[in-house]
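Trainee: Compute the structure for the input listed below.
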Amino acid sequence: MLKSLMLAKAKECWEQEHEEREAEKRRYLAERIPTLQTRGLSLSALQDLCRELHAKVEVVDEERYDIEAKCLHNTREIKDLKLKVLDLRGKFKRPPLRRVRVSADAMLRALLGSKHKVSMDLRANLKSVKKEDTEKERPVEVGDWRKNVEAMSGMEGRKKMFDAAKSPTSQ
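Mentor: Predicted coordinates for the structure are as follows:
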């Protein structure tokens, strides 16, 4: 129901706009083109009137031709530009990006330029740790895990873990 009412209202509005356009067109033509009064004119006056009208028609035709030529030129130019845009879109595809490993020094050199000598050696300030020391601290015992679980269960197991944790620090 609502849709049909909206369509009916839209049709009324469209018809009213159409009538207004027609009335505007008639008014404009009446303003621009006065009615011709050919009664009572002699042959020479009619010929002069025809020459005037012919001259006006020529002027209007020249203007129309110029406007059409400009319009055709613009449409051709638009068409060519659209083709260029389509060609450019087709040629340049985004390449798949690859991961690039760049050192911090190279990155700073690229950002700041070659004049700035900034060294960013992050590894220079780190402590050096010997591998042998870390291996000695953790003796690796491989055994039956079930025995270890049974031995550590209950309060006695917790006491053993507590004593084991204390003993390496006291040495």
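
Trainee: how close does residue 21 get to residue 97?
Mentor: Distance, residue 21 to residue 97, by Cβ to Cβ, to the nearest Å: 57 Å. Heads up, the C-betas are built off the backbone N, CA and C, glycines and all.

Trainee: neighbour-wise, which of these two wins?
Mentor: Using other Cβ atoms under 10 Å, the more surrounded residue of residue 21 and residue 97 is residue 21, with 10 against 6.

Trainee: Can you name the helix or strand that that one falls in?
Mentor: Assigned by DSSP states H and E, residue 21 belongs to helix 2-32.

Trainee: before we move on, what about residue 82?
Mentor: For residue 82, the element it lies in under DSSP H and E is helix 43-91.

Trainee: Give me the helix or strand of the protein that scores worst on average pLDDT.
Mentor: Least confident helix or strand, the chain: helix 131-137 with a mean of 60, by mean pLDDT, DSSP states H and E.

Trainee: and residue 30, how many neighbours does it have?
Mentor: Residue 30, neighbours per other Cβ under 10 Å, totals 10.
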